[in-house]
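S.K.: have a look; sequence and predicted model below, questions after that.
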Protein chains: 6
Amino acid sequence: MTKPSDKGPNWYRELHSVVDHLAASWEERGYWDRTGTLPIPSHEEVVRIIHRARRILFPGYFSQTNINPENLQYYLGEEINRLFEELSRQINLALRYEALSRGEGLPVSTLGEELALKFIQKLPEIKSILLTDIEAALTGDPAAKSRHEIIFCYPGFLAISIYRMAHELYRLKVPFIPRIMTEHAHSLTGIDIHPGATIGRSFFIDHGTGVVIGETTIIGERVRIYQGVTLGALSVPKEAVEELRYRKRHPTIEDDVIIYSNATILGGETVIGARSIIGGNVWLTESVPPDTKVLLKAPELHLLRKIRKNLGV
Amino acid sequence: MTKPSDKGPNWYRELHSVVDHLAASWEERGYWDRTGTLPIPSHEEVVRIIHRARRILFPGYFSQTNINPENLQYYLGEEINRLFEELSRQINLALRYEALSRGEGLPVSTLGEELALKFIQKLPEIKSILLTDIEAALTGDPAAKSRHEIIFCYPGFLAISIYRMAHELYRLKVPFIPRIMTEHAHSLTGIDIHPGATIGRSFFIDHGTGVVIGETTIIGERVRIYQGVTLGALSVPKEAVEELRYRKRHPTIEDDVIIYSNATILGGETVIGARSIIGGNVWLTESVPPDTKVLLKAPELHLLRKIRKNLGV
Amino acid sequence: MTKPSDKGPNWYRELHSVVDHLAASWEERGYWDRTGTLPIPSHEEVVRIIHRARRILFPGYFSQTNINPENLQYYLGEEINRLFEELSRQINLALRYEALSRGEGLPVSTLGEELALKFIQKLPEIKSILLTDIEAALTGDPAAKSRHEIIFCYPGFLAISIYRMAHELYRLKVPFIPRIMTEHAHSLTGIDIHPGATIGRSFFIDHGTGVVIGETTIIGERVRIYQGVTLGALSVPKEAVEELRYRKRHPTIEDDVIIYSNATILGGETVIGARSIIGGNVWLTESVPPDTKVLLKAPELHLLRKIRKNLGV
Amino acid sequence: MTKPSDKGPNWYRELHSVVDHLAASWEERGYWDRTGTLPIPSHEEVVRIIHRARRILFPGYFSQTNINPENLQYYLGEEINRLFEELSRQINLALRYEALSRGEGLPVSTLGEELALKFIQKLPEIKSILLTDIEAALTGDPAAKSRHEIIFCYPGFLAISIYRMAHELYRLKVPFIPRIMTEHAHSLTGIDIHPGATIGRSFFIDHGTGVVIGETTIIGERVRIYQGVTLGALSVPKEAVEELRYRKRHPTIEDDVIIYSNATILGGETVIGARSIIGGNVWLTESVPPDTKVLLKAPELHLLRKIRKNLGV
Amino acid sequence: MTKPSDKGPNWYRELHSVVDHLAASWEERGYWDRTGTLPIPSHEEVVRIIHRARRILFPGYFSQTNINPENLQYYLGEEINRLFEELSRQINLALRYEALSRGEGLPVSTLGEELALKFIQKLPEIKSILLTDIEAALTGDPAAKSRHEIIFCYPGFLAISIYRMAHELYRLKVPFIPRIMTEHAHSLTGIDIHPGATIGRSFFIDHGTGVVIGETTIIGERVRIYQGVTLGALSVPKEAVEELRYRKRHPTIEDDVIIYSNATILGGETVIGARSIIGGNVWLTESVPPDTKVLLKAPELHLLRKIRKNLGV
Amino acid sequence: MTKPSDKGPNWYRELHSVVDHLAASWEERGYWDRTGTLPIPSHEEVVRIIHRARRILFPGYFSQTNINPENLQYYLGEEINRLFEELSRQINLALRYEALSRGEGLPVSTLGEELALKFIQKLPEIKSILLTDIEAALTGDPAAKSRHEIIFCYPGFLAISIYRMAHELYRLKVPFIPRIMTEHAHSLTGIDIHPGATIGRSFFIDHGTGVVIGETTIIGERVRIYQGVTLGALSVPKEAVEELRYRKRHPTIEDDVIIYSNATILGGETVIGARSIIGGNVWLTESVPPDTKVLLKAPELHLLRKIRKNLGV
């Protein structure tokens, strides 16, 4: 390149060396060898896909178009066709990026279309499960005024809707996109459900901020959880991380369990038996049998002080 | 409809049956009977209304326009007129949607205008209360540098501002919109205040992520709470949900109380007496008298281990 | 102004007095005297600056442009030049606003350019630290599939990236903007790191919603924390707020510490010794020596009940 | 309104009297009495309607969506439904505005829907005529490469397409909107066809800038015209304007006529007989019989000079 | 700059030399010496200013806001204040750019505000003249249905409106912006009126495409012109250009003249006397007395052919 | 597809048959066989390409970025790389679309990149020619104030700039895109230059609305033309169109010619000799030798009337 002249403001000349340093640091780390020049899937596009899928699952809630029995099929047909195109393009980008970053050959060029179609064919089933989640919210939250309000306003239902879609893509082994989806939900709602988690029908999360549900969690039917609940992994010594990567690391929650706010349940072998109730702020790393109540109460701590006094400790 | 030809890619033909299934599922559930073709209020519009109302309450903070004593009235006049139009349109949509979904007749066509006007007439009062909230933040947070920073950057103040507006609409019995407003605040800040809650002057939420304040909570003046605090309802057996829907289910917090991070206070009859301090991570389901300190400390648990050892349990 | 006619709908006439009240309330409080008509920095612009800086630090992840060794310098050069202009403009606005609101004279007109340049010159160093944070995520989270996923999807990494930039601006004494940056991260991720905090290399926050890290916190190298963790200040009596404003109020976390979800550690003199592990939901206001484990387990509470029974309390 | 303070920059105070003058001038002229507060149709919306109608008539040319036999009906169905809604809303606005400005009662509330439906039912016929216009361009312009290029690039075809739609709305007596449509075409192409003109099949305008075709013009089939051609009215003495408003004021062009660039043909009784050719720059105010050639050539003017010389004039 | 690696696609490497050539060509021509780094006024901003000014002159026509006697002053006040800020910023840019490109010192920093104010103070007068132009259109065009249609749809009125504003700025010696304004009108309507032209009240341009009105043209009152009319300068020998730059080069049109389509009138000393009528396609370089009709008719050319025949030429 | 129910408004049911008709008409005409599902180039993208190319040719005129000798190469480098990507994508679309519509095999997949590179390599030459066009405007138009004004405001220069780019693509045999470019210029300026025309250096079009320059026109150096000038083809009998498609049909204009407004020059064998002047409204279909003046003046027509009178015709 030609040498820029010596005139002109100092600021701009000072920037040259920053450019050179950052360019050099990039090449040194060999990023180019791994990823070539292939584009990565687009956050904006994945968010657009989520919006479209929600308009398909619940026509009339997320757009101002007049939808009625006479035009419903046109509406759904057009939206589903566009979803197919947008999704297959993003899946193809994700597959190619992953193949290249692993040093593998490029995938079959129509694999994206195939997987997008499989996902779309799951939409009616996803919808029928989401309808059970709506009923769970209605019976679980005395503040819920109507089904409309739940579909339209409830962050817990939003996070579950996105999780259920992301989970289908995760099962189809689509890379990147499921995680982008659930992180979008996480950002909007503070609810962090890994797309790999398995969650039964009639699931309800109330308020939800701070909820974490790990990759290998298994949750039964009619489970209800509150804000700040963690279903996580036990402490991982650094040397064990690789070994654990493909093992069950997160708990199993059986049917009809309720877990109150800020409770923490950890470990891949921890099973919360059916119909148990886990109190707020409880910290559990061991299984509890069905129909158990585990509660932590401040009054008990008052008691403790009394004991301490009595014992003269 | 005419039959599409047999040429063309397979993918697109496969999508037909998904369209048909989703269209059928919609009609089966009788959604049409309930909602007809009436549009629902728009999330985007409600967010626009929130932005406009904040520009009205705090001119100069959320726009790049030059505002000065000579043009302040024009500015406020124009913003308030637009707020009136946007809000009355959204309220009318909400009222009609609710009436139809309940099978009632349509409301008076100018009810939206009437309620929007009542809301706008409350804005000076809302502003004067918000000014006390700013002072509370300034005295409550040693990191606060100035009033400007609080108005401009503090998520707690943002959530309280939106709650105070939503609460006025809630009191005017406007459906949907108050909840859309507070869920918008929830999404931005992680602070979930139900528009039905009653909150006194000089309220301060620090950090705030994970705060939940339930529908029938009553909070006095000069109360300060921290991130992760829940003011919630006790466990609800499914059969009791309906009965509870219109009862006081959330606690009462009297004047000058401080509640530290991640504390949980539950129950409609639980009263935290004036000037009490509730420690972090405490879980309370019973009332405490005024001037009480309730603390949970890990060192006490060290002690417990010692007791256990001494007693040989 | 001329008198508006008596025709026309009532609604609009009713709005006049709201306009007048709000205009009057503004002037009464003397806002004009303090801030004049100077514009405040723009949220949108600061967010744009964050996006641009991330594109500079990790080319190819946040845009759809083809970037390769042949055009990398052009790309970086153009982005860095624009960053310089946008950032120096916002810094100048912030400096002037602060000067005016303190009643001081206007700062040197090129101070914004000077500080923006200093910030940009720090970018290579910020990048090299962020690369250690990526490795920390990879070794700390068994669910992490690749470095790409961490850069692209991990909210913890996003929050740390924004914090590390905001911290440099904080050190350059740029007002407002560092806080706007970290509050943007807070809104997206639920992670609230004050730009004043000092955080060593190889830092990893998992899930992260509800994390709070206060202004005077000091964190060593290779520290790992989970969602809901608070590193905060002790209770502040109102009369002491002013005195505390410039003192160390938040804890010190030494190298290689792990802090599990929802733990709360408070106080400027609290030091968590190197290699310690703080369990979930623990509440700590005193120092612990190196290599300590502090855990809170529900089973211990079962035990408590047993003690109580034995003692007949 | 309260009196603004005397502080603040002079500029802004000076603006007050401009506001007052403009407000007063508006009221004086009684605009309010005529139009009340009713909104007028929106330019942007009418342009959106034109774009949508073109996508319906020529699927695949003006959008990047993949359209194929499997999804064509969904695509058309969705676009036509939206066109119906947008158009009926704009027609209703236009009808109401016109009624009010004439002091008449409001029209039937569903008249907009009725007229929009009638317009849409004409679309297949409009399309079949436009296909003849495409063939006319292909045979009339040696530079035309393909039908695709004509649909996609030819300003003459664009202007005719918009005119043919506007003309249907004009025939349905929809006020305002036909004219907004043809003025949009005028702005894009420089071709000004009044929506009231009657134009037969296989019409071709080449280049087109400066073409004017008046309200009562009648054009036969297979007519071809070039840039700058005017089919206009004769000079109108001011006192005759009212009388002329509903009379034929513009010429009749019979089948197979060609009119070259910048020719001007004026008058309601002027008839250009079939198969005639009107040369460039010719100015005609009288009829010509079929199969006539009317040409104006500069060489004739050379001749004139010679005559003048010979005659000694 | 560091040398880019030899890997990577050829295309991108080939682009380097284009970059270098274009960079070099720029510097060679010394553009930097003349213009420094100062930004030029923005087309987009000037267009925004035009739109705002039209909303101020004709409230209710170009926005969807409800405007009524109760909120008219707020509306006008807010719009005028914003116009003042936008316009003064653009004028300041234009003044500085011009000063620098002439090698002069920078203008007084508030000159932009001063001139913007002067322009805005002219708006009531501009409006009162535009009202006479509306009446002229109504009486001049039998196709005009109402004043509303003229304000809303007529390209001639649009071009005149923009000209009248640009002319005021031209008289205030604002550089660049008047021309950007009239070129915007030119692009939308095909009507090219130089902002320097002087045009009396009640001016009407019908259809208008191709109209050219030169810088030193003077037009009286109640003049009507049609599409394609040129009021231009005579042929300029290259050596005379400089001398002519500040002389009257374009014609004078006295009161009540009508000029039909595609007529061309040239020369600074050409005067068209009051009440004259200039026919279509006429080409005039000499003055005509009042009450003259100058017509060019094809029949005369038929006649010519007859003469030629008779004379045996 | 399932049958839609009989409930719902009539309007929507009526739309079904329009959908079916339009879908059927499309398939009948066999459009699918010709074009398959391949997307066509995008108007918006081509316009974006034009804007980018103008920013590259004239840095600082069409963006608000600060450009100076220190950052010029970064700026140009980034813009040129993006231009390369956008243009190669559109060229590839155009090539494939053309191949398919002709029933040919798909072109080499990197042909788009190859042609885009060739185009970009021509940019320095295009720029050096455009600089001669700027000088031509400066010497040709006494109203021109500066080179800046010509680059920034002159529609003639805009049209020539776009033509010069489109012409290079035309020479590279890129389909569709050159025409989309010149039609964009046509729409903005009313100047219609076919991309196939050959035009020498120092070309100036003044005002320009209505100018038409046909595909096989050849124009020498230092030519100046005015608004409404047509350089076109002679009348084409329908049966001869095919034969003419690849012949020279438009005139040749030699060096230093001036053609005044609304003149029409037609025919592939018509040659206007060097240094000739063609007067306004003249209509020429035959060659004129060098140094000729061809003028049409109204006074001559006055004369004609006198002749007629004298001759008693």
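M.R.: Yep, it's here.
S.K.: how about low-confidence regions in the stretch 1-150 of chain A?
M.R.: A:1-9, A:27-38 (pLDDT under 70).
S.K.: near chain B, which residues of it show up?
M.R.: For the stretch 1-150 of chain A, the contact set with chain B under C-beta under 8 Å from any C-beta of the partner chain comprises A:56-57, A:59-62, A:64, A:66-69, A:72-73, A:76-77, A:80-81, A:84, A:88, A:113, A:116-117, A:120-121, A:123-124, A:127-128, A:131, A:139-143, A:145-146, A:148-149. Placement of C-beta: from N, CA and C, glycine included.
S.K.: quick one: residues contacting the residue sitting nearest the centre point of chain A.
M.R.: Taking C-alpha atoms, centre = their mean as the criterion, residue A:182 is the residue nearest the geometric centre of chain A, at 2.8 Å. The neighbours of residue A:182, taking C-beta atoms under 8 Å, 6 or more residues apart in numbering or on different chains as the test, are A:162-163, A:166, A:192-195.
S.K.: need the pLDDT of it.
M.R.: At residue A:182, the pLDDT value in this model is 97.
S.K.: and for residue A:309?
M.R.: Reported pLDDT for residue A:309: 61.
S.K.: find the nearest non-adjacent residue to residue A:286, please.
M.R.: Nearest residue to residue A:286, sequence neighbours excluded (C-beta to C-beta, 6 or more residues apart in numbering or on different chains): residue A:270, at 6.2 Å.
S.K.: tell me where the stretch 151-300 of chain A has helices.
M.R.: Using DSSP state H, counting those that start in this stretch, the helices of the stretch 151-300 of chain A run over residues A:155-171, A:177-189, A:241-244, A:298-311.
S.K.: that older thread, the residue nearest to residue A:286 and residue A:294, how far apart?
M.R.: 12 Å (C-beta to C-beta, to the nearest Å).
S.K.: overlap in contacts, these two.
M.R.: Shared contacts of residue A:270 and residue A:294, counting by C-beta under 8 Å, 6+ apart, come down to residue A:284.
S.K.: for residue A:180, which non-adjacent residue is closest in space?
M.R.: Nearest to residue A:180 is residue A:46, by C-beta to C-beta, 6+ apart, at 4.6 Å.
S.K.: check which helices and strands the helix or strand encompassing that neighbour sits against.
M.R.: Residue A:46 is part of helix A:43-57 when elements are defined by DSSP states H and E. Applying 3 or more C-beta pairs under 8 Å, 6 or more residues apart in numbering or on different chains; DSSP states H and E, one finds that helix A:43-57 makes contact with helix A:72-101, helix A:123-140, helix A:155-171, helix A:177-189.
S.K.: got JSON lines for these, with distance to residue B:155 too?
M.R.: Compiled in JSON lines, these are given as follows (distance: least, C-beta to C-beta, whole Å):
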{"stretch": "helix A:72-101", "distance to residue B:155": "32"}
{"stretch": "helix A:123-140", "distance to residue B:155": "26"}
{"stretch": "helix A:155-171", "distance to residue B:155": "16"}
{"stretch": "helix A:177-189", "distance to residue B:155": "14"}
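S.K.: before we move on, back to that, look up how far residue C:146 lies from the residue nearest to residue A:180.
M.R.: Counting by C-beta to C-beta, the gap from residue A:46 to residue C:146 is 17 Å.
S.K.: returning to what we had before: ok, of the helices of the stretch 151-300 of chain A, where does mean pLDDT dip lowest?
M.R.: helix A:298-311 (a mean of 56).
S.K.: that older thread, the residue nearest to residue A:180 contacts residue A:184, doesn't it?
M.R.: Yes. Using C-beta atoms under 8 Å, residue A:46 is in contact with residue A:184, at 7.0 Å.
S.K.: settle it for me: which of these two has more neighbours?
M.R.: More crowded of residue A:46 and residue A:184, by other C-beta atoms under 10 Å in any protein chain shown: residue A:46, with 23 against 19.
S.K.: distance check, the more buried one against residue A:93.
M.R.: 10 Å.
S.K.: the residues of the stretch 1-150 of chain A next to chain B, buried ones only, as a ChimeraX selection?
M.R.: Buried residues within the residues of the stretch 1-150 of chain A next to chain B, by 16 or more other C-beta atoms under 10 Å in any protein chain shown, are selected in ChimeraX with:
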select /A:56,57,59,60,62,66,67,68,69,72,73,76,77,80,81,84,88,113,116,117,120,123,124,127,131,139,140,141,142,143,145,146,148,149
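S.K.: list the buried residues of stretch A:91-103.
M.R.: Using 16+ other C-beta under 10 Å as the test for burial, stretch A:91-103 gives A:91-98, A:100-101.
S.K.: I would like the residues contacting that stretch, please.
M.R.: A:34-36, A:38-42, A:105-107, A:109, A:111-113, A:115-116, A:169, A:174-177, C:146, C:148.
S.K.: repeat for stretch A:53-65
M.R.: A:51, A:67, A:72, A:75-76, A:79-80, A:83, A:123, A:126-127, A:130, A:148, A:151-152, A:161, A:165, B:22, B:26, B:31, B:35, B:39-40, B:42-43, D:81-82, D:85.
S.K.: at 7 Å what do you get?
M.R.: By C-beta atoms under 7 Å, 6 or more residues apart in numbering or on different chains, the residues outside stretch A:53-65 that reach it are A:51, A:67, A:72, A:75-76, A:79-80, A:83, A:123, A:126-127, A:130, A:151-152, A:161, A:165, B:22, B:26, B:35, B:39-40, B:42, D:82.
S.K.: now the residues you listed: which count as buried?
M.R.: Buried members of the contacts of stretch A:53-65, scored by 16+ other C-beta under 10 Å, are A:67, A:72, A:75-76, A:79-80, A:83, A:123, A:126-127, A:130, A:151-152, A:161, A:165, B:22, B:26, B:35, B:40, B:42, D:82.
S.K.: and chain E, which of these contact it?
M.R.: Residues shared between these and the neighbourhood of chain E: none [C-beta under 7 Å from any C-beta of the partner chain].
S.K.: how many residues are close by residue A:253?
M.R.: Neighbour count for residue A:253, taken as other C-beta under 10 Å: 29.
S.K.: didn't it look like it was pressed against residue A:272?
M.R.: Yes. Using C-beta atoms under 7 Å, residue A:253 is in contact with residue A:272, at 4.9 Å.
S.K.: most neighbours among the contacts of residue A:182, which one is it?
M.R.: residue A:193 (29 neighbours).
S.K.: bridging residues for that residue?
M.R.: Beta bridges link residue A:193 to residue A:213, judged by DSSP bridges.
S.K.: that one: what's it in contact with?
M.R.: A:159, A:163, A:182, A:213.
S.K.: show me which residues of stretch A:102-109 are buried.
M.R.: With burial defined by 16+ other C-beta under 10 Å, the residues of stretch A:102-109 counted as buried are residue A:107.
S.K.: pull up the distance across it, start to finish.
M.R.: 17 Å (C-alpha to C-alpha, to the nearest Å).
S.K.: so how far is that stretch from its chain's centroid?
M.R.: With C-alpha atoms, centre = their mean, to the nearest Å as the basis, stretch A:102-109 stands 26 Å off its chain's centre.
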